[in-house]
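[1] Starting from these lines, generate the structure:
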Amino acid sequence: MADLLRLRMVHLRWREAKQIAQLLSRLRPAKKKQQSVTRPKAEQQIPDLDEFLLKRDYAAAISLLEVYEGMKNGGSENPDLPVYLGICYFYLGMYEDAKNSAEKAERTPLQNRLLFHVSHKLGEEKRLMAHHQLLGNTLEDQLSLASIHYMRMHYTEAIEVYKSILQEHTNMIALNVYMAMCYYKMDYFDVAQEVLAVYLRSFPDSPAALNLKACITFKTYNGKAALPEVEVLQKATLYPAAAELLRHNTVVFKDGDGAMQVFPGLMDTLPEARVNLILYHLKREDIESAMTLCNDLEPQSTTEFLVKAITFAYWGQLKESKDHLKTAEQFFKMVGESPYDTDTIPGRQSMACSLFLSGQYEDALVYLNSIQVRFFTVNAYVWIHFLLD
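    Residues are numbered from 1 along each chain as shown. Purely as a prediction, here's the structure:
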């Protein structure tokens with residue numbers, strides 16, 4: 001399931017955005033003293049960069065920045081413009097362009113933060129570690145580090161950074177939303193709800209916080225209970241990416257109703273859309289469609305590994321393919337042996353599935369017995385347990 005909340009990648013503060021706008025205002029050419037025709041006020045108005053950033057219109061921001069980047073004669077060039085361009089490219093998912101643009105700029109903390117996140121997106125581990133070493137103890141650098149921890153599923157480390165910042169900056173209560181997101185990802189839903197409530201007491205209409213609350217309700221109870229909370233958000237004015245996430249989550253809460261109309265169009269921008277569309281096909285026993293989508297899935301999270309494992313197991317049984325069953329076994333094993341999942345219910349289930357597929361039935365039974373209390377009333381669990389006992 002997707003989450004509307006997105007941690008900032010580069011943590012470009014709005015103060016910095018204002019500085020960019022002020023810079024651009026100084027670069028604007030002076031108006032002619034005499035004009036033969038007086039143009040309408042709307043036609044004379046020059047768009048401001050901060051307006052584009054507030055609207056998340058990064059394509060328009062890039063166009064504006066490129067205009068001023070081209071004004072290199074007359075002393076109007078600014079060394080930071082390539083970094084600002086790179087940030088806009090980054091938010092549009094154009095990571096190679098972001099990298100190329102940022103590398104043209106002088107070395108600054110902002111440039112390092114941008115390249116730090118670009119390296120993560122491009123999977124350049126050595127470069128990521130090099131930029132990590134250049135991070136300092138400033139607020140922006142620490143927020144950037146916490147964001148990378150979150151995206152690399154190091155949730156405990158991210159929480160530690162946020163707690164450290166909150167001790168020094170007690171007024172930054174929005175960090176409670178980020179911490180709640182980390183607890184949510186760790187399946188600590190009660191803790192996530194408690195931490196999130198701190199922020200909601202001050203900002204009860206926050207779309208990001210309300211959506212996270214709805215996600216927690218969905219995980220704790222069901223989609224029907226979560227729907228009233230997202231229906232409130234449907235009346236709010238959201239930027240396009242947030243509106244798309246809300247549409248996606250609404251389909252999830254409705255148990256897939258409208259999936260074929262919503263999920264396909266979001267797969268290129270929202271990884272969870274592909275995963276949920278695969279699950280949609282699996283529930284309807286359309287294994288071939290699920291397998292087609294699964295072939296393009298590069299798993300990163302526990303959920304993605306499990307979805308790929310389940311799909312390959314289904315396909316392997318359907319086609320009597322030992323290769324697919326072996327792949328499913330390996331994916332289950334990766335989750336079961338992961339240090340983040342070893343002692344969790346999904347981790348033990350995954351290990352049991354891996355052992356079952358490899359024919360180690362007695363060992364599989366040991367793992368099933370360890371979670372028996374949790375699943376004893378679930379018919380599928382009881383049936384599998386009966387077969388192995």
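[2] Could you list which residues are in contact with the closest residue to L122 other than its chain neighbours?
    Of all residues not flanking L122 in the chain, Y95 sits nearest, at 5.4 Å (C-beta to C-beta, 6 or more residues apart in numbering). For every residue, glycine as well, the C-beta is placed using N, CA and C. Shown in contact with Y95 (C-beta atoms under 8 Å, 6 or more residues apart in numbering): Y89, V118, K121, L122.
[3] Pipe the residues you listed into a markdown table and attach pLDDT and secondary structure per row.
    Formatted as a markdown table, the contacts of Y95 follow (pLDDT from 0 to 100; DSSP: H, G, I helix; E, B strand; the rest coil):
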| residue | pLDDT | secondary structure |
| --- | --- | --- |
| Y89 | 85 | helix |
| V118 | 97 | helix |
| K121 | 93 | helix |
| L122 | 95 | helix |
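[4] Extract the C-alpha trace of the helix or strand hosting L145 and format it as PDB.
    If you go by DSSP states H and E, L145 is part of helix 139-151. Provided in PDB are the C-alpha atoms of helix 139-151 (Å, rounded to 0.1, in the frame of the first residue of the first chain):
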ATOM      1  CA  LEU A 139      20.200  20.800  10.300                       C
ATOM      2  CA  GLU A 140      19.900  20.400   6.500                       C
ATOM      3  CA  ASP A 141      22.600  17.700   6.400                       C
ATOM      4  CA  GLN A 142      21.100  15.700   9.200                       C
ATOM      5  CA  LEU A 143      17.700  15.800   7.700                       C
ATOM      6  CA  SER A 144      19.200  14.700   4.400                       C
ATOM      7  CA  LEU A 145      20.900  11.800   6.200                       C
ATOM      8  CA  ALA A 146      17.700  10.800   7.900                       C
ATOM      9  CA  SER A 147      15.900  10.700   4.600                       C
ATOM     10  CA  ILE A 148      18.500   8.400   3.100                       C
ATOM     11  CA  HIS A 149      18.300   6.100   6.200                       C
ATOM     12  CA  TYR A 150      14.500   5.900   5.600                       C
ATOM     13  CA  MET A 151      14.800   5.100   1.900                       C
END
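[5] Buried among the contacts of Y95? Make that a PyMOL selection.
    Applying 16 or more other C-beta atoms under 10 Å to the contacts of Y95, the buried members can be selected in PyMOL as follows:
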select buried, resi 89+118+121
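[6] which one of the contacts of Y95 sits closest to L318?
    K121 (35.6 Å; C-beta to C-beta).
[7] how near is the closest one to D190?
    From K121 across to D190, the span is 33 Å (C-beta to C-beta, to the nearest Å).
[8] Likewise for Y184?
    Counting by C-beta to C-beta, the gap from Y184 to D190 is 11 Å.
[9] Neighbour count: the two, which is higher?
    The neighbour comparison of Y184 against D190 (other C-beta atoms under 10 Å) goes to Y184, with 22 against 10.
[10] my read: A209 touches R201, true?
    No: under the criterion of C-beta atoms under 8 Å, A209 is not in contact with R201, lying 10.3 Å apart.
[11] Compare the two (neighbour count), which wins?
    Taking neighbours as other C-beta under 10 Å, A209 and R201 compare with A209 leading, 23 against 10.
[12] Please give me every residue in contact with the more buried one.
    Here A209 is in contact with L5, V177, L196, Y199, L200, F203 (criterion: C-beta under 8 Å, 6+ apart).
[13] Which one (most neighbours) among those?
    Highest count within those by other C-beta under 10 Å belongs to L196, 24 neighbours.
[14] Tell me which helix or strand comes right after the helix or strand containing that one.
    Using DSSP H and E, the element containing L196 is helix 189-200. Once the chain leaves helix 189-200, the next helix or strand it forms, by DSSP H and E, is helix 207-220.
[15] Can you dump the C-alpha atoms of that following helix in CSV for me?
    Written as CSV, here are the backbone C-alpha positions of helix 207-220 (Å, rounded to 0.1, in the frame of the first residue of the first chain):
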residue,chain,number,x,y,z
PRO,A,207,-3.1,16.1,4.2
ALA,A,208,0.1,14.1,4.8
ALA,A,209,-0.7,13.4,8.4
LEU,A,210,-4.3,12.5,7.8
ASN,A,211,-3.3,10.1,5.0
LEU,A,212,-0.8,8.4,7.2
LYS,A,213,-3.4,8.1,9.9
ALA,A,214,-5.7,6.5,7.3
CYS,A,215,-2.9,4.1,6.4
ILE,A,216,-2.5,3.1,10.0
THR,A,217,-6.2,2.6,10.4
PHE,A,218,-6.1,0.4,7.3
LYS,A,219,-3.3,-1.7,8.7
THR,A,220,-4.9,-1.9,12.2
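[16] Let me see the mean pLDDT of it.
    The average pLDDT within helix 207-220 is 94.
[17] Hey, what's the angle from it to helix 189-200? Just curious.
    Here the directions of helix 207-220 and helix 189-200 differ by 160 degrees (axes from the mean of the first three to the mean of the last three C-alpha atoms, to 10 degrees).
[18] which of the residues in helix 207-220 are buried?
    Buried residues in helix 207-220 (16+ other C-beta under 10 Å): P207, A208, A209, L210, N211, L212, K213, A214, C215, I216, T217, F218.
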